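*Asks:* Based on what follows, work out the 3D shape:
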Amino acid sequence: MAQNIYDNPAFFEGYAQLPRSVQGLDGAPEWPALKAMLPDLTGKSVVDLGCGYGWFCRAARELGAADVTGVDISEKMLARAAELNADPQIHYQRSDLESLTLNENSLDLVYSSLALHYLPELDTLFARVQRALKPGGSLVFSMEHPIYTCATRQGWLTDDNGERFWGVNHYQDEGRRVSNWLADGVIKYHRTLGTTLNALIRAGLTISEVNEWGPTQAQIDAWPALAEEAERPMLVLISARKAQ
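*Replies:* As a prediction, this is how the structure comes out:
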(Lines give C-alpha, C1' and ligand atoms only; values in the text may rest on other atoms or scores of the structure.)
Protein backbone atom coordinates (compact mmCIF):
# COMPACT_ATOMS: atom_id res chain seq x y z
CA MET A 1 0.00 0.00 0.00
CA ALA A 2 1.24 3.49 -0.83
CA GLN A 3 2.08 5.78 2.07
CA ASN A 4 -1.03 7.46 3.47
CA ILE A 5 0.68 10.72 4.39
CA TYR A 6 -2.51 12.77 4.05
CA ASP A 7 -3.91 11.18 7.20
CA ASN A 8 -0.85 12.36 9.11
CA PRO A 9 -2.29 15.18 11.31
CA ALA A 10 0.66 17.54 10.74
CA PHE A 11 0.62 16.98 6.99
CA PHE A 12 -3.15 17.34 6.74
CA GLU A 13 -3.10 20.57 8.74
CA GLY A 14 -0.34 22.00 6.57
CA TYR A 15 -2.09 20.94 3.38
CA ALA A 16 -5.28 22.64 4.55
CA GLN A 17 -3.45 25.99 4.47
CA LEU A 18 -2.33 25.74 0.83
CA PRO A 19 -4.07 28.00 -1.72
CA ARG A 20 -5.38 24.98 -3.65
CA SER A 21 -6.99 23.72 -0.44
CA VAL A 22 -8.53 27.06 0.50
CA GLN A 23 -9.50 28.32 -2.98
CA GLY A 24 -10.04 25.02 -4.77
CA LEU A 25 -9.18 24.95 -8.46
CA ASP A 26 -8.87 28.74 -8.46
CA GLY A 27 -5.82 28.22 -6.24
CA ALA A 28 -4.24 25.70 -8.62
CA PRO A 29 -2.44 27.73 -11.30
CA GLU A 30 -2.07 24.71 -13.60
CA TRP A 31 -5.84 24.15 -13.69
CA PRO A 32 -6.56 26.22 -16.85
CA ALA A 33 -4.04 24.11 -18.77
CA LEU A 34 -5.45 20.85 -17.37
CA LYS A 35 -9.00 21.97 -18.10
CA ALA A 36 -8.05 22.63 -21.73
CA MET A 37 -6.99 18.96 -22.02
CA LEU A 38 -10.36 17.59 -20.93
CA PRO A 39 -12.81 16.10 -23.41
CA ASP A 40 -16.43 17.21 -23.49
CA LEU A 41 -17.89 15.84 -20.25
CA THR A 42 -21.57 16.23 -21.06
CA GLY A 43 -23.35 13.10 -19.85
CA LYS A 44 -20.05 11.32 -19.21
CA SER A 45 -18.81 8.97 -16.48
CA VAL A 46 -15.72 10.18 -14.64
CA VAL A 47 -13.30 8.92 -11.99
CA ASP A 48 -10.87 11.19 -10.13
CA LEU A 49 -7.88 9.25 -8.74
CA GLY A 50 -6.49 10.90 -5.62
CA CYS A 51 -9.46 13.24 -5.38
CA GLY A 52 -8.47 14.97 -2.14
CA TYR A 53 -11.09 17.55 -1.20
CA GLY A 54 -13.11 16.67 -4.30
CA TRP A 55 -12.64 19.98 -6.10
CA PHE A 56 -12.34 18.33 -9.52
CA CYS A 57 -15.32 16.05 -8.82
CA ARG A 58 -17.49 19.13 -8.45
CA ALA A 59 -15.92 20.82 -11.47
CA ALA A 60 -16.63 17.74 -13.59
CA ARG A 61 -20.29 17.90 -12.62
CA GLU A 62 -20.40 21.60 -13.49
CA LEU A 63 -18.91 20.67 -16.87
CA GLY A 64 -21.80 18.28 -17.47
CA ALA A 65 -20.58 14.90 -16.20
CA ALA A 66 -23.45 12.56 -15.38
CA ASP A 67 -21.69 10.72 -12.57
CA VAL A 68 -18.35 11.16 -10.84
CA THR A 69 -16.44 8.96 -8.42
CA GLY A 70 -13.63 10.36 -6.30
CA VAL A 71 -11.07 7.86 -5.06
CA ASP A 72 -8.55 8.55 -2.30
CA ILE A 73 -6.55 6.60 0.26
CA SER A 74 -7.02 9.28 2.93
CA GLU A 75 -9.97 9.12 5.30
CA LYS A 76 -9.38 12.75 6.27
CA MET A 77 -9.46 13.91 2.66
CA LEU A 78 -12.62 11.98 1.86
CA ALA A 79 -14.34 13.27 5.01
CA ARG A 80 -13.54 16.83 3.97
CA ALA A 81 -14.76 16.15 0.43
CA ALA A 82 -18.05 14.84 1.78
CA GLU A 83 -18.43 17.94 3.97
CA LEU A 84 -17.97 20.22 0.96
CA ASN A 85 -20.31 18.36 -1.37
CA ALA A 86 -23.93 17.19 -1.27
CA ASP A 87 -24.33 16.25 -4.95
CA PRO A 88 -25.90 12.76 -5.10
CA GLN A 89 -24.15 12.10 -8.43
CA ILE A 90 -20.72 12.35 -6.81
CA HIS A 91 -19.57 9.28 -4.92
CA TYR A 92 -16.43 8.84 -2.85
CA GLN A 93 -14.47 5.64 -2.42
CA ARG A 94 -11.53 4.90 -0.14
CA SER A 95 -8.95 2.86 -1.99
CA ASP A 96 -5.21 2.55 -2.50
CA LEU A 97 -4.51 3.32 -6.15
CA GLU A 98 -2.10 0.38 -6.28
CA SER A 99 -4.93 -2.09 -5.65
CA LEU A 100 -7.76 -0.16 -7.29
CA THR A 101 -10.30 -2.09 -9.36
CA LEU A 102 -12.28 -0.40 -12.14
CA ASN A 103 -15.05 -1.91 -14.23
CA GLU A 104 -14.10 -2.67 -17.81
CA ASN A 105 -15.28 -0.22 -20.52
CA SER A 106 -17.14 1.85 -17.93
CA LEU A 107 -15.49 5.29 -17.95
CA ASP A 108 -15.25 8.23 -20.32
CA LEU A 109 -12.55 10.03 -18.33
CA VAL A 110 -9.99 9.04 -15.73
CA TYR A 111 -8.47 12.14 -14.13
CA SER A 112 -5.73 12.54 -11.55
CA SER A 113 -4.05 15.62 -10.10
CA LEU A 114 -0.72 15.39 -8.27
CA ALA A 115 -1.20 11.85 -7.03
CA LEU A 116 0.69 9.48 -9.32
CA HIS A 117 4.16 10.45 -8.08
CA TYR A 118 3.24 8.71 -4.81
CA LEU A 119 3.05 5.34 -6.61
CA PRO A 120 6.16 3.15 -6.98
CA GLU A 121 5.17 2.04 -10.50
CA LEU A 122 2.59 3.06 -13.07
CA ASP A 123 2.35 0.14 -15.50
CA THR A 124 -0.27 -1.69 -13.45
CA LEU A 125 -2.46 1.38 -12.95
CA PHE A 126 -2.25 2.47 -16.60
CA ALA A 127 -3.22 -1.04 -17.74
CA ARG A 128 -6.25 -0.96 -15.43
CA VAL A 129 -7.18 2.51 -16.66
CA GLN A 130 -6.95 1.38 -20.29
CA ARG A 131 -9.31 -1.52 -19.63
CA ALA A 132 -11.72 0.69 -17.70
CA LEU A 133 -11.97 3.38 -20.37
CA LYS A 134 -14.64 3.16 -23.01
CA PRO A 135 -13.36 3.25 -26.61
CA GLY A 136 -12.30 6.84 -27.23
CA GLY A 137 -12.12 7.56 -23.49
CA SER A 138 -9.42 9.80 -22.01
CA LEU A 139 -6.84 9.81 -19.24
CA VAL A 140 -5.78 13.29 -18.10
CA PHE A 141 -3.35 13.71 -15.23
CA SER A 142 -0.70 15.86 -13.61
CA MET A 143 2.30 14.81 -11.57
CA GLU A 144 5.51 16.32 -10.30
CA HIS A 145 7.98 16.75 -13.15
CA PRO A 146 11.05 14.48 -13.02
CA ILE A 147 13.33 17.52 -13.13
CA TYR A 148 11.68 18.51 -9.85
CA THR A 149 11.72 15.05 -8.26
CA CYS A 150 15.10 13.66 -9.33
CA ALA A 151 17.54 15.21 -6.87
CA THR A 152 17.86 13.56 -3.50
CA ARG A 153 17.91 17.07 -2.04
CA GLN A 154 15.19 19.08 -3.76
CA GLY A 155 15.73 22.80 -3.63
CA TRP A 156 17.29 25.90 -5.13
CA LEU A 157 21.08 26.26 -5.20
CA THR A 158 23.33 29.26 -5.90
CA ASP A 159 26.21 29.24 -8.37
CA ASP A 160 29.52 31.07 -8.06
CA ASN A 161 27.98 34.20 -9.59
CA GLY A 162 25.20 34.28 -7.05
CA GLU A 163 22.59 33.14 -9.56
CA ARG A 164 19.97 30.73 -8.26
CA PHE A 165 19.35 27.44 -10.08
CA TRP A 166 17.54 24.16 -9.50
CA GLY A 167 19.83 21.23 -8.86
CA VAL A 168 19.39 18.28 -11.23
CA ASN A 169 21.20 15.05 -10.48
CA HIS A 170 20.44 11.33 -10.15
CA TYR A 171 17.98 11.81 -13.01
CA GLN A 172 18.42 8.28 -14.38
CA ASP A 173 18.35 6.78 -10.89
CA GLU A 174 14.65 6.05 -10.61
CA GLY A 175 12.89 5.12 -7.41
CA ARG A 176 12.01 6.29 -3.95
CA ARG A 177 12.63 9.84 -2.78
CA VAL A 178 11.98 11.11 0.75
CA SER A 179 11.29 14.78 1.37
CA ASN A 180 10.25 16.89 4.32
CA TRP A 181 7.30 18.82 2.93
CA LEU A 182 4.55 19.73 5.42
CA ALA A 183 5.70 16.70 7.43
CA ASP A 184 8.89 14.69 7.72
CA GLY A 185 9.36 11.52 5.71
CA VAL A 186 7.05 12.14 2.75
CA ILE A 187 7.67 9.30 0.28
CA LYS A 188 7.44 9.98 -3.46
CA TYR A 189 8.83 8.15 -6.48
CA HIS A 190 11.01 9.60 -9.19
CA ARG A 191 10.83 8.28 -12.73
CA THR A 192 12.09 9.80 -15.95
CA LEU A 193 9.64 11.44 -18.32
CA GLY A 194 10.39 8.68 -20.82
CA THR A 195 9.42 6.02 -18.30
CA THR A 196 6.01 7.61 -17.76
CA LEU A 197 5.34 8.10 -21.47
CA ASN A 198 6.47 4.58 -22.34
CA ALA A 199 4.23 3.15 -19.61
CA LEU A 200 1.27 4.82 -21.31
CA ILE A 201 2.33 3.39 -24.68
CA ARG A 202 2.75 -0.12 -23.24
CA ALA A 203 -0.74 0.13 -21.75
CA GLY A 204 -2.17 0.72 -25.23
CA LEU A 205 -2.97 4.40 -24.77
CA THR A 206 -2.24 7.06 -27.37
CA ILE A 207 -0.55 10.17 -26.01
CA SER A 208 -2.45 13.30 -27.01
CA GLU A 209 -0.52 16.09 -25.27
CA VAL A 210 2.40 16.63 -22.91
CA ASN A 211 2.66 20.00 -21.15
CA GLU A 212 5.77 20.70 -19.08
CA TRP A 213 3.80 23.31 -17.26
CA GLY A 214 4.96 26.81 -16.39
CA PRO A 215 2.95 29.91 -15.42
CA THR A 216 1.90 32.54 -17.91
CA GLN A 217 3.11 36.10 -17.50
CA ALA A 218 -0.41 37.11 -16.55
CA GLN A 219 -0.38 34.55 -13.75
CA ILE A 220 3.00 35.79 -12.53
CA ASP A 221 1.74 39.38 -12.58
CA ALA A 222 -1.27 38.36 -10.49
CA TRP A 223 0.68 36.03 -8.20
CA PRO A 224 4.39 37.06 -8.09
CA ALA A 225 5.40 33.97 -6.08
CA LEU A 226 4.81 31.93 -9.25
CA ALA A 227 7.84 33.55 -10.91
CA GLU A 228 10.13 30.77 -9.69
CA GLU A 229 7.93 28.17 -11.41
CA ALA A 230 9.01 29.68 -14.74
CA GLU A 231 12.64 28.75 -13.93
CA ARG A 232 12.12 24.98 -14.05
CA PRO A 233 9.09 22.74 -14.65
CA MET A 234 7.61 21.58 -11.35
CA LEU A 235 4.68 19.78 -12.99
CA VAL A 236 4.01 17.78 -16.12
CA LEU A 237 0.46 17.50 -17.49
CA ILE A 238 -0.35 14.59 -19.79
CA SER A 239 -3.41 13.49 -21.72
CA ALA A 240 -3.87 10.16 -23.49
CA ARG A 241 -6.72 8.32 -25.20
CA LYS A 242 -7.97 4.80 -25.73
CA ALA A 243 -8.52 3.90 -29.37
CA GLN A 244 -12.08 4.05 -30.71
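
*Asks:* Could you look up the SS state of residue 64?
*Replies:* Recorded secondary structure, residue 64: coil (DSSP: H, G, I helix; E, B strand; the rest coil).

*Asks:* Hmm, it is touching residue 41, no?
*Replies:* Yes. Shown here, residue 64 and residue 41 form a contact pair, counting by C-beta atoms under 8 Å, at 4.9 Å. Glycine gets a C-beta too; all of them are placed from N, C-alpha and C.

*Asks:* Please compute how far the longest strand belonging to the chain lies from its chain's middle.
*Replies:* Across the chain, the longest stretch assigned as strand under DSSP state E is strand 133-144. Strand 133-144 sits 11 Å away from the centroid of its parent chain (C-alpha atoms, centre = their mean, to the nearest Å).

*Asks:* List the strands paired with it, with their directions.
*Replies:* strand 107-113 (parallel), strand 235-242 (antiparallel) (DSSP bridges).

*Asks:* Compute the mean per-residue pLDDT across that strand, please.
*Replies:* For strand 133-144, mean pLDDT is 98.

*Asks:* Give the next helix or strand downstream of that strand.
*Replies:* Scanning forward in sequence from strand 133-144 by DSSP states H and E, the next helix or strand is helix 146-149.

*Asks:* coming back round to it: more neighbours, residue 64 and residue 41?
*Replies:* Just comparing residue 64 and residue 41: by other C-beta atoms under 10 Å the higher neighbour count belongs to residue 41, 21 against 11.

*Asks:* State whether that one is indeed within a strand.
*Replies:* No. Remark: residue 41 does not belong to a strand; assigned using three-state DSSP, it is coil.

*Asks:* so it sits right up against residue 63, yeah?
*Replies:* Yes. Between residue 41 and residue 63 there is a contact under C-beta under 8 Å: 4.4 Å.

*Asks:* Next, count neighbours for residue 24.
*Replies:* 17.

*Asks:* ok, now residue 187?
*Replies:* Counted with other C-beta under 10 Å, residue 187 comes out at 14.
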